[in-house]
Structures are given as C-alpha cells and as structure tokens.
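Below are the sequence and a predicted model for it; my questions follow.
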Amino acid sequence: MKRLTHILFAFLLSAITGCTMEFDPDPEVTGETLVVEGMITDQDRVNRIRLARSQPIGEILNKKVAVTGAVVTITDDDGTVSTLTESPPGTYCTDSVLFRGRVGASYSLRVILGGREYETDFMEMKPVPPI
C-alpha cells in the first residue's frame with residue numbers, strides 16, 4: 001500500500017510540475033504599451049476611462065504614467081457618439097447628464113492618440129445578477 005501511495009504521489013508531483021512553462025520576456029520591448037482601464041455602468045454617475053503607459057521590464061514600479069491629450073469616445077449600437085473630457089490628466093470622463101449606459105445596449109470604446117487609433121469591438125452591457 002505504501003508503494004502505491006509513493007507511486008501516486010510521484011505521478012501527481014510530475015503532473016503538476018510538468019505543466020509549468022517559464023516566461024522569458026523580450027528585453028527589447030519598451031515600456032510604451034497603452035494601458036486602458038475603465039468601466040461603463042447604467043448608474044446615474046460619471047463613467048471614467050483611465051489611460052496610462054506600461055513600464056519597461058526591470059524598472060522599479062513607482063507609479064502609472066498618465067496619458068494625456070487623447071481623444072476618447074464611446075459609441076453605442078444606435079450610432080450615438082459620446083466624447084469624453086479629460087479631468088484630471090489621464091482620466092477621461094463621460095457627462096453624467098448626457099451619457100448613461102443601458103442594459104442590453106452594446107458599446108465600443110475608441111481612443112485616438114498620437115496619430116494612432118485604437119478601437120474595441122462592440123460589447124453588450126449585461127444586467128447585474130441578484131446577490
């Protein structure tokens with residue numbers, strides 16, 4: 001019985017460690033990747049989208065580098081485009097009076113920055129399930 005336990009233990013150990021894959025980041029990659037963070041809700045409030053730049057691998061993480069001067073818009077599935085305003089720097093906000101998400105509607109985010117354009121696919125706003 002002990003021998004069977006040892007064999008099972010060895011098999012499980014090899015299965016667990018055998019599925020590990022080492023990640024070697026490319027040192028040539030600069031830290032200039034655009035990071036987009038935010039959420040759209042159906043609540044009567046300002047929605048915020050934050051833009052920042054990632055940091056190069058190996059640098060000490062001190063703070064996010066805010067991205068300013070972008071044009072950020074949200075488009076709904078009806079074609080209505082809402083332009084966000086920047087305040088504070090790197091944070092782009094909807095107008096709480098003019099924009100409010102709707103459950104069942106779909107939205108796309110578009111960012112124009114430094115001559116480049118980034119756009120998401122349309123995503124449907126799902127209802128929040130009851131707790």
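Everything's here; your move. Residues are numbered from 1 along each chain as shown.

From now on I want contacts and neighbour counts done on CA atoms only, so please keep to that.
Fine.

okay but Leu113 is in contact with Val71, surely?
Yes - between Leu113 and Val71 there is a contact at 6.7 Å, judged by C-alpha atoms under 8 Å.

how about the helices of the chain, start to end?
2-18 (DSSP state H).

any idea which strand is longest in it?
Looking across the chain with DSSP state E, the single longest strand is strand 106-113.

Verify the contact between Glu37 and Arg53 for me.
No - counting by C-alpha under 8 Å, Glu37 stays clear of Arg53, with 11.1 Å between them.

Point out where the protein drops to low pLDDT.
1-31, 57-58, 60-63 (pLDDT under 70).

Please enumerate the strands of this protein.
34-38, 48-53, 65-66, 71-76, 81-83, 85-86, 91-93, 106-113, 116-119, 123-124.

so can I have TSV of these showing distance to Glu59?
Formatted as TSV, the strands of the chain follow (distance: least, C-alpha to C-alpha, whole Å):
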stretch	distance to Glu59
strand 34-38	17
strand 48-53	13
strand 65-66	13
strand 71-76	29
strand 81-83	34
strand 85-86	28
strand 91-93	24
strand 106-113	25
strand 116-119	26
strand 123-124	35
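
Nice, that's everything, thank you.
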